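> next come a sequence and a model predicted from it.
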Amino acid sequence: MDSAPRLLGVVMDPIETIKPRKDSTLAMLLAARRRGWTIVYFRQGDLSVREGAAIGRGRLLDVEDDEERWFSFGDDWNGRLEGLDVLLMRKDPPFDMEYIYTTYILQLAEERGLLVVNRPSSLREINEKAYTAWFSHCTPPTLITRSRGDLLGFLEEHAAIVMKPLDGMGGRSIFVVRKGDPNTNVVIETLTDHGSRFTMAQRYVPEIADGDKRILLIDGQPIDYALARIPALGESRGNLVMGARAEGRELTPRDRWLCSEVGPILASKGVLFAGLDVIGDYLTEINVTSPTGIRELDREFGIDIAARLMDAIEQRLRNRR
């Protein structure tokens, strides 16, 4: 490992609002601090472009593994982003035009030598729901459409389907619709905005009752354990923010096969940290924006996922020489 400490930037939501016991970005920053790396904190509004250069106006940041006082700020840091060694893009969705504009700024810095995790172009291109279409042999039957008729036909074919917006997060606006449901038309109208927006439908996978597994990948390779998010009673959504219960599990052979199909392609696209969502035997989503689950798995299995990510970052930096 290089003797000189790294200069690591992070773009994230307000650090004062995170839940330190659960926050994966904090886990990454703690791993960087243990290596003696210097951390520079940015919000989206701290980034700009001047004369073709990506500029950041941030603050030096120190972090602690303390649920009462987990961060403190130091001096201001102003300069071109390519002056950093690496930058973690950990801004949570919504994935809106402001998010896309931010990736343009980061791409300018990347083209001048900055390692951005994950690659800005891949953040734009790999929609967590739509990108599963590139791996249709791994997913349940799936339809992406604006058409009410196509959605009704898909429901007729499969009897029970899940419908969700392509830009949703955290389990919001996810509907399980069964044949004969009197709310079917209003769900379709709501999600497609009367045929003006694309929506996704997937065949309902009943194994959701046993949990929606989040599998973390580092540079295309899976962590050996998944975080199963088991829906609360009366719920069909395996999302922690919707009351799901978390339970760690070892990967199954099928899980590992899914990772072998998806992981190398993500790694080739500069995605060093990703999360695959798996229900039963099927891949349902691919998250590359700000996957979570590090702290829960670390506690349950005594591992250090963020340290492995820092190892992968170091390897990428060495390979650039």
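Received it, and whenever you're ready, just let me know what you need.
> give me the buried positions along stretch 164-184.
Going by neighbour count (16 or more other CB atoms under 10 Å), the buried part of stretch 164-184 is K164, P165, D167, G168, M169, G171, I174, F175, V176, V177, T184. For glycine as for every other residue, the C-beta is placed from the backbone atoms N, C-alpha and C.
> redo these as CSV? Include secondary structure, pLDDT and distance to G280.
Formatted as CSV, these follow (DSSP: H, G, I helix; E, B strand; the rest coil; pLDDT from 0 to 100; distance: CB to CB, whole Å):
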residue, secondary structure, pLDDT, distance to G280
K164, strand, 95, 17
P165, strand, 94, 23
D167, coil, 85, 25
G168, coil, 72, 21
M169, coil, 68, 22
G171, coil, 61, 18
I174, coil, 91, 17
F175, strand, 94, 19
V176, strand, 95, 15
V177, strand, 96, 19
T184, helix, 97, 24
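> distance of V205 relative to G83?
Using CB to CB, to the nearest Å, one gets 47 Å for the distance from V205 to G83.
> of those two, which one has the most company?
Between V205 and G83, V205 has the larger neighbour count (other CB atoms under 10 Å), namely 19 against 16.
> wait, doesn't the more buried one sit right on V278?
No: in this structure, V205 is not within contact of V278 by CB atoms under 8 Å, at 9.6 Å.
> now for those two: what residues contact both?
T284 (CB atoms under 8 Å, 6 or more residues apart in numbering).
> circling back to that earlier point, between the buried residues of stretch 164-184, which is closest to E111?
D167 (27.0 Å; CB to CB).
> how about the nearest residue to that closest one, chain neighbours excluded?
Excluding its sequence neighbours, the residue lying closest to D167 (CB to CB, 6 or more residues apart in numbering) is F95, at 5.6 Å.
> on the three-state scheme, that neighbour is what?
Assigned by DSSP: H, G, I helix; E, B strand; the rest coil, the conformation of F95 is coil.
> tally of neighbours for it?
If you count neighbours by other CB under 10 Å, F95 ends up with 19.
> tell me where the stretch 101-250 of the chain has helices.
Taking DSSP state H, counting those that start in this stretch to define them, one finds helices in the stretch 101-250 of the chain at 120-125, 148-158, 184-192.
> as a markdown table, the ones you listed with distance to A244 would be great.
Listed next are the helices of the stretch 101-250 of the chain as a markdown table, based on distance: least, CB to CB, whole Å:
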| stretch | distance to A244 |
| --- | --- |
| helix 120-125 | 26 |
| helix 148-158 | 24 |
| helix 184-192 | 22 |
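> out of those, which is closest to K91?
Per CB to CB, nearest to K91 of the helices of the stretch 101-250 of the chain: helix 120-125, 9.4 Å.
> for the closest one, name the packing helices and strands.
If contacts are counted by 3 or more CB pairs under 8 Å, 6 or more residues apart in numbering; DSSP states H and E, helix 120-125 sits against helix 97-111.
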